[in-house]
Each structure stands twice: as C-alpha cells, then as structure tokens.
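*Asks:* what's the 3D shape of this:
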Amino acid sequence: MKNYIIAFTCLAPCLAFSDAVVPAYYGANLCKFSEYKCVKVDRGESWETLFPNESERDLVQRVNRNYNSLWLGKVIAVPIDLAHATVLSLSPFAQVLPTNNLEHEKKIIVDQDKLAWGAYNELGRLVNWGPIASGRDRCPDSANACLTLTGTYRFFSKENEKCKSDIFPIGKGGAPMPYCMYYHKGFAMHGSSDMPGYRASHGCVRMFTRDAKWLNEEFVQVGTKVVVMPVMSVEKKL
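*Replies:* Down below sits the predicted model:
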C-alpha cells in the first residue's frame, strides 16, 4: 500500500518535544484577548468534567487546538460567550474570501501559524474549520527535516479510517493515520489522537480525527485544492 510514499516525510506522531524548544501552547496565548477567559485545570479535572456539554467541549478544544488529556495546572482558553458561540463564529479565518482571491472552486487553506485549516466552498465562503498540528522544526527520531512542505497542491489520493503509515515508527511502520488525504508525495492531512496545541508532527498535517473524517467523506475529492502556508512565527528557544 502507498508505494509512492518516500521516506523523508511525516506520517506519524513525533515523540517528546525537543529539550531545546519550549512548546507554545496555542490556547494560553489567547488569555490576553478580552473575548476569552483562561482556566487553570485543577486536580482530577478533564475535558468531560469541565465541559459536560459535548458541543461546548468541541468548541473549547478547537479554540485550544488541543484535545489531548488535561493535566494539573494546564491553562486553557474558554470563549466568554461560549453558550452562544458556534464553530464559524470562533473561526480564525475570514468568513468570505476577498473577491480577488475567488477561484470558483472549493479549497482548503492550512495556516501553520493559526494552527488551523479552513474549508471554503466554490463561492469563497467558509464552511468549516478545525485545528492542526503540522511539522515541527526537528524530530529527535529522524535525521531528516520535519517541516511541513508548503505551497499549492491538489489531493491525489485518500483512504478511510484504516489508513496507516508505511514509514513510522521508523523501522516498523503502522502508525495510525485515519482518513488520510495525500496532496504531495508522502505529505498528507490525516486524523490523529495526539493534538497537543503546537506543531508536533514529522511533516504531515495532523487533525482532529472527527475533522479528518468530515473532510475525507464530505469535502475533499481527488483534485480538490489545498494551500499550505509557511510558518512565520518563531519558536521560543531555551
């Protein structure tokens, strides 16, 4: 399967974040904005206990770009008007593309600084968005660069929830990549159980698995355009 994949790419969750870099958790950076309040996780608290309403929990996880297990002292951002918020109202993307950027075809924009993907229809209207975790600068288990390849591409292949990596873990393969959607050689957008709230992959674009399922089944077709934007922010070094 996937004999077109080459070994320098991604296709699996990375291990622990490099000791040389402090991960900038996306949610905590929202604390300075008046639209959000920040909550520090107490002992024994979880996403489910803090946000028993599933729809509200989904929105808070999207805002924080994170649905991994919570830990004592972790700071998460919560929209002030969570009860009236919607997926689109919390979007980091414009609701409508500028007229000069309208191409009359649907497309996905992947913004690595916003840690988010946005799906636009043929009329240039945003129809959905969600978190990502793209490639980190370096990976401790690979001599190759881990950055996500940027540019404009078209999806050429996609698979279902059983999609797996041929490369990672290195030497074995088999890392889950549910609902993978390939856009250039071995680079893909795919679901992941590890979405920590910062760039963390071997180069692929990780997504919430529920988002990958929606894109794979409801939006992406072979030939759909995807624009992957470069990283402009700088990680904090120790």
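
*Asks:* List the buried residues for stretch 84-102?
*Replies:* Of the residues in stretch 84-102, 85, 90-93, 97 count as buried by neighbour count, 16 or more other CB atoms under 10 Å. Where C-beta positions appear, they are placed from N, C-alpha and C, glycine not excepted.

*Asks:* As PDB, could you dump the C-alpha coordinates of the longest helix along the chain?
*Replies:* Longest helix of the chain, by residue count under DSSP state H: helix 54-64. What follows is helix 54-64, C-alpha atoms only, in PDB (Å, rounded to 0.1, in the frame of the first residue of the first chain):
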ATOM      1  CA  GLU A  54     -20.400  17.800  24.000                       C
ATOM      2  CA  SER A  55     -20.900  20.700  21.600                       C
ATOM      3  CA  GLU A  56     -19.300  23.300  24.000                       C
ATOM      4  CA  ARG A  57     -16.500  20.900  24.700                       C
ATOM      5  CA  ASP A  58     -15.800  20.600  21.000                       C
ATOM      6  CA  LEU A  59     -15.600  24.400  20.600                       C
ATOM      7  CA  VAL A  60     -13.200  24.800  23.500                       C
ATOM      8  CA  GLN A  61     -11.000  22.100  22.200                       C
ATOM      9  CA  ARG A  62     -11.000  23.800  18.800                       C
ATOM     10  CA  VAL A  63     -10.100  27.100  20.300                       C
ATOM     11  CA  ASN A  64      -7.200  25.500  22.200                       C
END
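
*Asks:* circling back: output the buried residues of stretch 84-102 in TSV; the columns should cover distance to Val205 and pLDDT.
*Replies:* Supplementary listing: these in TSV, determined by distance: CB to CB, whole Å; pLDDT from 0 to 100:
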residue	distance to Val205	pLDDT
Ala85	25	98
Leu90	20	98
Ser91	18	97
Pro92	16	97
Phe93	15	97
Leu97	20	95
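
*Asks:* Rebuild those residues as a markdown table, extending it with distance to Trp117 and secondary structure.
*Replies:* A markdown table is the format used below for the buried residues of stretch 84-102 (distance: CB to CB, whole Å; DSSP: H, G, I helix; E, B strand; the rest coil):
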| residue | distance to Trp117 | secondary structure |
| --- | --- | --- |
| Ala85 | 19 | coil |
| Leu90 | 14 | coil |
| Ser91 | 11 | coil |
| Pro92 | 10 | coil |
| Phe93 | 9 | coil |
| Leu97 | 15 | coil |
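
*Asks:* so what secondary structure elements neighbour the longest helix of the chain?
*Replies:* With contacts defined as 3 or more CB pairs under 8 Å, 6 or more residues apart in numbering; DSSP states H and E, the secondary structure elements packing on helix 54-64 are helix 47-50, strand 75-79, strand 126-133.
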